[in-house]
Every structure is written in C-alpha cells, then in structure tokens.
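[1] no sequence for this one, just the structure:
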C-alpha cells in the first residue's frame, strides 16, 4: 500500500461546477497537509497548507483534513477554465520530506 | 520578493554522462529540497540541504549528490546518467521545516 493514494482522474467538469479532490493516506504520523496546483510543464504552486485536522478556506478553495479517517479533500467552488491543471496532495511529519500523491488531472470546460 | 529559480530550463544528455542542475532559493529561505517527478507521477524526494549540510535523503542512489552554498543556492549532480533519470527535477525552498515553494523545474531527457 502506498503511503498516499490519489485518483489520477482525469476529472472533467463544466464551468461553475463544484469540484471535490481527495487523497487517502496510511501514515497516522502525518501532521502537515498541503495541496499544490501544477500546470503542464511547470513547477507545483502551493494552494493550501493545513496543520492537523480541520477546515481551511481561501477564496474559492476549501481544504479539509480528517485525521481519524486518514482522508483529505480540496473543494473548488465556481470552477473556472483557468483551474484546469493537475492537483497534487502532499503531506509530511514534523521535520521530514513531503510525500506526494500522483496528482489528479482536472479539466474545466467553458 | 524573488521566487525560486532553476537553470537550465531543459537539457538533453546521453546515457553515462553527468549533469549539474542549479537552484536559487527564495529570498530569506535557508533550506532547499530536491525532487524528481517522472511523467504522470507525483514528485519524489531526493534530498534536502539546510545550512550547507545534507538534512535528509530519499531512496536515491549515491550517484545523486548535491551541494548548498553560503547564499543558500544549491546544485544537484547526477553521475552515470540512466534512461530512467529522464524527468522533471524540482527544487523547493523553505525556512527550515516550513512551507515549501517550488521552482519551475528542469526537464532532463536522457537518450
């Protein structure tokens, strides 16, 4: 079992839809959870950073962490064509390297 | 504030050659981490440098080596290149164990 599992998609939605992206993990010691957005042939861009369980909202983006279920989510409201990208979840313990999921490819059509 | 920069943008090498990739960290950051991202995969941790010392290493062979300089910029060196080394190499900078910010990457093709 991989430490971080993420459905690679692809996921296709119409403009304005609510998008839900998810990752599961096996290491209960993970404390820091991140979502990165990566456009084709570019470096990952940090979208959300969450410590431990709970919700965090930033504009159209909401990150949720459920440590009891080892499950994290990213919600995108009112999705736009510019949101079309690969979304990577990442997590780590204190003082250790990031462990990434494979990424989910999202396409938002106008 | 200057973000993370990497050079070159892309390069092509042949099997058995050596390559050096460079990274300049974001202003104020003292930690640099290197990742390898194969096509269709998430980034895989290679190693991290903190104040010029290696501070953690992933599951990569010794032919992957690095340096960090007093200005916190960094190099990744790969010897005896193999076809499977073809990937996007990403550098990320941070303050110690804080949030990591990535550069645009160097795309390496090994023929």
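    The structure has been received and is ready for your questions. Here the structure is a predicted model, which means the values were calculated and not measured. Numbers count the residues shown, from 1 in each chain, chains lettered A, B, ... in the order given.
[2] could you pull out the strands for the chain?
    Defaulting to chain A. Ranges of strands in chain A, per DSSP state E, are A:4-5, A:11-14, A:19-25, A:32-38, A:45-51, A:54-58, A:61-66, A:71-76, A:85-92, A:99-100, A:104-109.
[3] to clarify, I was referring to chain B.
    Using DSSP E, strands in chain B cover B:5-7, B:10-13, B:19-24, B:31-37, B:44-50, B:53-57, B:64-68, B:74-78, B:87-94, B:101-102, B:106-110.
[4] OK, now which residue of chain A is nearest to chain B?
    Here chain A gets closest to chain B at one residue, residue A:100, 3.2 Å apart by CB to the nearest CB. To be clear about C-beta, it is placed using only N, CA and C from the backbone, and glycine gets the same treatment.
[5] and the end-to-end length of stretch B:102-111?
    Stretch B:102-111 has an end-to-end distance of 27 Å (CA to CA, to the nearest Å).
[6] kindly apply the preceding question to stretch B:72-84 instead.
    One end of stretch B:72-84 to the other measures 29 Å (CA to CA).
[7] buried ones in that stretch?
    Residues B:72, B:73, B:74, B:75, B:76, B:78, B:81 are the ones in stretch B:72-84 that count as buried (16 or more other CB atoms under 10 Å in any protein chain shown).
[8] which other residues reach it?
    Outside stretch B:72-84, the residues that touch it by CB atoms under 8 Å, 6 or more residues apart in numbering or on different chains are B:13-25, B:29-32, B:34, B:46, B:49, B:63-69, B:85, B:89, B:91, B:93, B:108, B:110-111.
[9] do the same with stretch A:30-48
    Contacts for stretch A:30-48 (CB under 8 Å, 6+ apart): A:21, A:49-52, A:56, A:58, A:61, A:63, A:65, A:72, A:74, A:85-94, A:98-100, A:103, B:4, B:6, B:43, B:88, B:90, B:99-105, B:107.
[10] now these: which count as buried?
    Listed as buried from the contacts of stretch A:30-48 are A:21, A:49-50, A:61, A:63, A:65, A:72, A:74, A:85-92, A:98-100, A:103, B:4, B:6, B:43, B:88, B:90, B:100-105, B:107; burial here means 16+ other CB under 10 Å.
[11] phi first, then psi, for residue A:68.
    When quoted as degrees, to the nearest 10, the phi and psi of residue A:68 stand at phi -70, psi -30.
[12] that one: what's it in contact with?
    Here residue A:68 is in contact with residue A:53 (criterion: CB under 8 Å, 6+ apart).
[13] and it, what's its pLDDT?
    At residue A:68, the predicted lDDT confidence score is 94.
[14] what do you get for residue A:53?
    On the pLDDT scale, residue A:53 gets 87.
[15] quick one: neighbours of it, just the number.
    Using other CB atoms under 10 Å in any protein chain shown, residue A:53 is surrounded by 14 other residues.
[16] doesn't residue A:66 make contact with it?
    Yes. With contacts counted by CB atoms under 8 Å, residue A:53 reaches residue A:66, the gap being 6.3 Å.
[17] and residue A:77, how many neighbours?
    Residue A:77 has 13 neighbours, counted by other CB under 10 Å.
[18] so what's it closest to, chain neighbours aside?
    In space, residue A:77 comes closest to residue A:60 once its chain neighbours are excluded; the distance is 4.6 Å by CB to CB, 6 or more residues apart in numbering or on different chains.
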